[in-house]
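Visitor: The sequence isn't on hand, but the structure is:
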């Protein structure tokens, strides 16, 4: 099977391509959003707020550890594979796929040692006591073995967003079925962790099955030889990989660190309340991530064709639409947030309403500036994006430590909002500077 045959008919361009990709992403995430309400209700009502806090700390800590070592190989594949795919260069494309797979495998092996070290030295500071250490370590190992960034990138490179959405749907389905069985048979924290681990492994398997279905697994076997040539095939790939890894580490870790801070400062009960608020607020964050991922392949093609100036209209439209959606969602949660918390988790979780509003406001700002970072990444300015994330993460920690003594968990949530504001301002400044430099360079070349 020819992997390049995955895209049929007339290729979509511009916003049409983004809308098509986003449609499949929303379809998959729509299933996730609906099912997550059910399995979250099962977990919260079975464990109660305190044990749900412990469960959340284990899951959050393992996700931070995975973010520290995991590379965003899907971005590498889309960024550098686009040119090879357009040229029909199977050898370079196969080497790129195999190199990214090897990078994921290596990061998983390294991650086991890093996880053991961090948990041993700083576990107590992160709210992970001796009773949670073993469970967190095992869960982290499973997540490391379930890295699926490479198959995700392969599918997105070929615009197989429908197959990626199908594979991704394995996570909520397995979690829901697993949560139901655990609640009936063995209603314990450990039982739910086993269900979550099964979901991770089966989702990773589903992604690779989709890659095999498109013929790209065969392409890797036949054309993926000579990995040393990957660096010369793709100029700047090492710097890009390191920068995207560092940027993703700060981005993903900053989503989980507030929960660990709440656990360390206010205890597991507060962590349970905070986690449910995070889960609901992340509906907004997820939407911004979906828009970014749907747009990234098209942004790469646009920049390759005509520079940063080509994406200006896209950014204006994306900000306009995102602002409207953000205002609508925040208004809905402002009016009905307490009812949603009580419906999903029970009345004991309504204390998280204030945190929910702070976190939702942060998600709204992330959504409004969703197109900025993908443009910087696609234009090989990952270093600028990393600087922004570093500054925002530092701001979040400073604000959280200053505000948490007087505001508790709400102070940490407010720190997340402040970090989102800093991110938005700095990304806008960096993007404006990059566009200005691109315009001056183009004008100079013409002159």
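Guide: Yep, that arrived. Given the structure is predicted, the values throughout are model-derived calculations rather than measurements.

Visitor: got the contact list for residue 72?
Guide: 149, 244, 245, 247, 248 (C-beta atoms under 8 Å, 6 or more residues apart in numbering). C-beta here means a position set from N, CA and C on the backbone, and glycine is covered the same way.

Visitor: So which of the residues you listed is surrounded by the most neighbours?
Guide: residue 247 (24 neighbours; other C-beta atoms under 10 Å).

Visitor: Might one say that that one is in contact with residue 389?
Guide: Yes: counting by C-beta atoms under 8 Å, residue 389 is a contact partner of residue 247 at 5.2 Å.

Visitor: follow-up on the earlier one: make a markdown table from the contacts of residue 72 and add distance to residue 270 to it.
Guide: A markdown table is the format used below for those (distance: C-beta to C-beta, whole Å):
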| residue | distance to residue 270 |
| --- | --- |
| 149 | 33 |
| 244 | 34 |
| 245 | 32 |
| 247 | 30 |
| 248 | 28 |
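
Visitor: Of the residues you listed, which belong to helices?
Guide: 149, 244, 245, 247, 248 (DSSP state H).

Visitor: From the contacts of residue 72, pick the one nearest residue 80.
Guide: For the contacts of residue 72, the closest approach to residue 80 (C-beta to C-beta) belongs to residue 244, at 11.6 Å.

Visitor: Return the residues in contact with the closest one.
Guide: By C-beta under 8 Å, 6+ apart, residue 244 lies in contact with 71, 72, 75, 76, 377, 382.

Visitor: Between all of those residues, which two are separated the most?
Guide: Comparing every pair within those by C-beta to C-beta identifies 71 and 377 as the most remote, at 13.4 Å.

Visitor: Looking at those two now, which is surrounded by more residues?
Guide: Taking other C-beta under 10 Å, residue 71 and residue 377 do not tie; residue 377 has more neighbours (25 against 22).

Visitor: buried stuff in the helix or strand residue 256 falls within?
Guide: Using DSSP states H and E, residue 256 falls within helix 237-266. By neighbour count on 16 or more other C-beta atoms under 10 Å, the buried set for helix 237-266 is 237, 240-241, 243-266.

Visitor: what's the answer for stretch 222-242, then?
Guide: Under 16+ other C-beta under 10 Å, the buried positions of stretch 222-242 are 223, 224, 230, 233, 234, 237, 240, 241.

Visitor: related to what we said a few turns ago, need the contacts of residue 244 in JSON lines with distance to residue 407, can you?
Guide: Shown next, in JSON lines, are those (distance: C-beta to C-beta, whole Å):
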{"residue": "71", "distance to residue 407": "36"}
{"residue": "72", "distance to residue 407": "34"}
{"residue": "75", "distance to residue 407": "36"}
{"residue": "76", "distance to residue 407": "40"}
{"residue": "377", "distance to residue 407": "34"}
{"residue": "382", "distance to residue 407": "35"}
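
Visitor: pLDDT for the residues you listed - can I get that in a markdown table?
Guide: What follows is the contacts of residue 244, written out as a markdown table (pLDDT from 0 to 100):
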| residue | pLDDT |
| --- | --- |
| 71 | 83 |
| 72 | 84 |
| 75 | 87 |
| 76 | 91 |
| 377 | 70 |
| 382 | 68 |
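
Visitor: Return the closest of these with respect to residue 110.
Guide: residue 71 (10.7 Å).

Visitor: What distance do you get for that closest one to residue 77?
Guide: Residue 71 sits 11 Å away from residue 77, going by C-beta to C-beta, to the nearest Å.
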